[in-house]
Every structure is written in C-alpha cells, then in structure tokens.
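S.K.: let's see this in three dimensions:
(4 chains)
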Amino acid sequence: MSVRICAEAFDPLLELRAFQDDLGERARSIGALATFTGSMRDFNDGAPVESMWLEHYPGMTDAHLERLAADAQRKWQLDDILIVHRVGEVRPGDAIVLVATWSAHRAHAFESCRAVMEELKSSAPFWKKEQTAQGARWVEKNTPRDSADFKPSPAE
Amino acid sequence: MSVRICAEAFDPLLELRAFQDDLGERARSIGALATFTGSMRDFNDGAPVESMWLEHYPGMTDAHLERLAADAQRKWQLDDILIVHRVGEVRPGDAIVLVATWSAHRAHAFESCRAVMEELKSSAPFWKKEQTAQGARWVEKNTPRDSADFKPSPAE
Amino acid sequence: MFSASFKMSIKVRFFASLADSVGRREAECAFVPGMTVESVWHEINGDAPLPGGALVAINHDYCTLDQALNDKDEVAYFPPVTGG
Amino acid sequence: MFSASFKMSIKVRFFASLADSVGRREAECAFVPGMTVESVWHEINGDAPLPGGALVAINHDYCTLDQALNDKDEVAYFPPVTGG
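M.R.: You can find the predicted model right below:
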C-alpha cells in the first residue's frame, strides 16, 4: 500500500512502472490491475484555465488518503493499492491524481479503483483554485459520484 | 481508436506511453483515463499453470474487437480507446489484455473501460489452453460479469 | 467428405476444444440452397451432436443454428470464449 | 484575539476560500472546557456565520459542529473539497 502527496509534476506511467517492478514475483499471481488518472484540463466552467493551485491540509490530507487505501484493502480482495495526488501549482495536461488497484479478481480491481476515486473526490481535503484570464477563482464543488447514465454537462 | 492483436509479449505501460504521446495537445482537454490490465496467473482451478496457449479466430477476432471499440465510442463520450490482446504462447506474469479509455468525464472513462472488458470476456473469440504438470487442458468458461458483492472463488 | 472441386461450397472452421473433438480445424462442404449452420454440422460430423454451449458464426459474425447459408460463406463452430 | 501565551489553548486553521474570507489561515484561541467547534468559530469570527457547506475537523478527523474540544486540539474549517 502506498500513498503519496506530490508537490512536483509526476508521471503516472513511471509511478506504475516503479510499483510494478516492486511487485516482483507477486505479479505472477495478481491477474488484474485497474487504474484511473485524472489530469488538469485547459477549460472549465466556460473559461480557458491557464493554471491551477491545489491546496491541501498537510497532516489531515495524508492521513485521509491512507485511511481510504486501508479501507479499500479491508473491503475488497486487493493485493496492493497506490494513490498519488498532486498539490501546488499545476499546468494543463499535468496529472492530478492516480489510483491503481491490483487484485486476483477483475471485479475487485475495477470496483475498488472507482470507489476510492469517488471517495477521494468527495472527502479528501484538497481545494482547487483556477487561474483564468479574468483572474483567480476557487472551484466551488466537485462533480458528485455520477453515472454515465446522467449525461454530464460539458463543464463537468 | 486502436485495436491490436499481439502474437508477442507486450508491455501495457509502453502501449499507454505510445498512445499518450500520440494524443499530443489533445491530452490537455481529456481529463480522465481509465485502464484495465489482465495478466496471466501462475495458478488456476486448483493447479499451478506453467504456460498457456491463447487461440483466436483471425479475421473474426479483430473485427469483433473493432466493433466493441466502436460501440463504446458511440455509447460513451470518449476521446479515444485502446484495446490490446495477446495471442499464442503466454507465460505467467505476461499481460493478456489491456483496455484503456480516455474521456473528459471520469464516469464515462470508468464505465466504458469496465463494460468493454466484460463484453470482451464474454464475447470476443479467444480460447485459453493451460499447460499444467498434469498436461494441457482447455479453460472451459470465463467468469461471468461479476460483482465484488459476490465473493469470487479463489479460482476465478 | 466433399472435395474442394465443387463449384458451390461452404468453408467450415473449428476452433479450440471443438477442433480437438472433431479432429480437424477446417473442412469444405458442397453448398446446397436451404442449408443452415446446423445442417452443415451434420453434413460433416454425421450424427455427432454439436456440443452444448457451442457458438457459431457466419462470415465472422455470430449467428444462430437455424441461419441459412449462402454459397462461399465461411461458417465456424467453437466452444464458449475464454479470452481477456 | 487571544495571544499564544495562554496555557490552555486551541489551534485554529482555515483553508482555501474560507481562509480568504476570514482573512487569515491560522489562529489561536484560549481553551475553555465545554467549547465546541461552533463556539470556537464565533469566538474568533464574532457574529459572522460559518458559511453553509463548510466542513470541520478536529485533529485531522472530520467532525460535527457540536463536537466538544479538548485542550491543545487543532480545529479546522474549510469549504467543500475539490480534489481529484
């Protein structure tokens, strides 16, 4: 289990590579890996976004992510779980979050990856402030745990 | 949209890297990437498995995967989709399948990735033959589209 | 079995455990109007029943056993799929 | 505002837009037995109401407004989270 808060740009594929290499012989019995990467878009809520500031609560944010990871390991049959989240100054295209779950069973990998991601978005103490041509603005609310059945608005 | 049937070992992270590099500037508006990697385990149905032969139906299998990808692009708001599937001689730890979906919306990325994977397992013409110490045996049936609510048997 | 010299013919393919059980992977069969996926199976395999759960396809598309064939079609018989 | 020289005290933190609106990120408050998360807010911000939807935590754990505090607790006030 690994949780990391990252003040510099990170490369999700390198994070996965490092983790995968560490699995070593365990990889032969795992079978399923689900991942989700969220990246910064250059457009939100009707306006181009130049950059973003990601604030967090040192101490609480780390503890909260550790708890999400530990809860997932209790709830699903996971071999391992990785959560990486960016903080500080973020540029369009930069990765913001990576959640990866390894399991012997695809249902457990898929479901835990999504559930951790939704839980992180609704409860982990991070706050986004967007820099647009009109000045800075705090993002007020995250999209709820939605389903693709509800057609998301273009600005989701 | 990219679909590939692969007679040699492939590296899912390199596949994703190549695809991601090709996205170029598009990456700045995408926001969400969901991936699933299925790998060969060294144990199945109560016996160690030394290697596996993955048969397919050239012509039909490719066409079927192309259709799954195109259907997903119609059903969800996807920026792109990648499916890679191994055939031929496979060793424990080798990647068998990679499904990756890029979208502006996390629900669309998550749901399409899972649905394509489940549909692939239930309908794409591939057949596994396992080599064990007791000889070769055809895998008779894939696990159904399951949920982690149903505790999978250790041999799933 | 019919030779490939018939002008009107169906190409037949078997895969995986089903190829093992019929003892071959390919066959050819004279085409007769009205033939179905099921009748081609018996044309080639006699009384041996098509194994339960077997899947069938015409020209790379899944179909049903009662589907009628056309000249030069490729029909395939195979067990439940186990990829992914 | 109380100075840090009180022996019994609560550490107070504000984040994101809520820090902007109260005009600071940290404060300290004398501890009085029976204090709650809500009473500490008013101790520091007077009549200004806690913004609707605000979240609160004690010692890095989410809590409710009526939760009682202990000496040396760290209490935090922040807007809805927007990470991921």
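S.K.: and A:Pro121, how close does it get to chain B?
M.R.: Not quite, residue A:121 is Lys, not Pro. Distance, A:Lys121 to chain B, using CB to the nearest CB, to the nearest Å: 8 Å. All C-beta spots, glycine's among them, are computed from the backbone N, C-alpha and C.
S.K.: for that residue, which non-adjacent residue is closest in space?
M.R.: In space, not counting the residues next to it along the chain, A:Lys121 is nearest to D:Gly84; the distance is 3.9 Å by CB to CB, 6 or more residues apart in numbering or on different chains.
S.K.: how about C:Val56?
M.R.: Ranked by CB to CB, 6+ apart and with sequence neighbours excluded, the top spatial neighbour of C:Val56 is C:Val37, at 4.9 Å.
S.K.: one step back: the residue nearest to A:Lys121 and A:Ala124 touch, don't they?
M.R.: Yes - counting by CB atoms under 8 Å, D:Gly84 touches A:Ala124, with 7.1 Å between them.
S.K.: more neighbours: which of those two?
M.R.: Each of D:Gly84 and A:Ala124 had its neighbours counted (other CB atoms under 10 Å in any protein chain shown), and the higher figure belongs to A:Ala124 (26 against 21).
S.K.: low pLDDT regions in the chain?
M.R.: Reading this off chain A. Within chain A, the segments meeting pLDDT under 70 span A:145-156.
S.K.: hmm, no, I was thinking of chain C.
M.R.: Chain C contains residues with pLDDT under 70 at C:1-6.
S.K.: SS state for the residue of it found nearest chain D?
M.R.: Taking CB to the nearest CB, chain D has its nearest neighbour within chain C at C:Gly84, 28.4 Å off. The local conformation at C:Gly84, judged by DSSP: H, G, I helix; E, B strand; the rest coil, is coil.
S.K.: ok, now how distant is it from A:Thr37?
M.R.: The gap separating C:Gly84 from A:Thr37 is 22 Å, by CB to CB, to the nearest Å.
S.K.: sorry, back to before: any residues in contact with both of D:Gly84 and A:Ala124?
M.R.: A:His85 (CB atoms under 8 Å, 6 or more residues apart in numbering or on different chains).
S.K.: tell me which residue in chain A sits closest to chain D.
M.R.: Ranked by CB to the nearest CB, the top residue of chain A for proximity to chain D is A:Phe126, at 2.6 Å.
S.K.: which residues touch that residue?
M.R.: A:Leu54, A:Glu55, A:His56, A:Thr61, A:His85, A:Val87, D:Val81, D:Thr82, D:Gly83, D:Gly84.
S.K.: now the phi/psi pair for it, please.
M.R.: The phi and psi torsions at A:Phe126 (degrees, to the nearest 10) take the values phi -130, psi 150.
S.K.: so in terms of bridging, what pairs with it?
M.R.: Assessed by DSSP bridges, A:Phe126 has beta-bridge partners A:His56.
S.K.: any part of stretch A:66-79 near chain B?
M.R.: Yes - judged by CB under 8 Å from any CB of the partner chain, stretch A:66-79 comes into contact with chain B through A:Trp76, A:Gln77.
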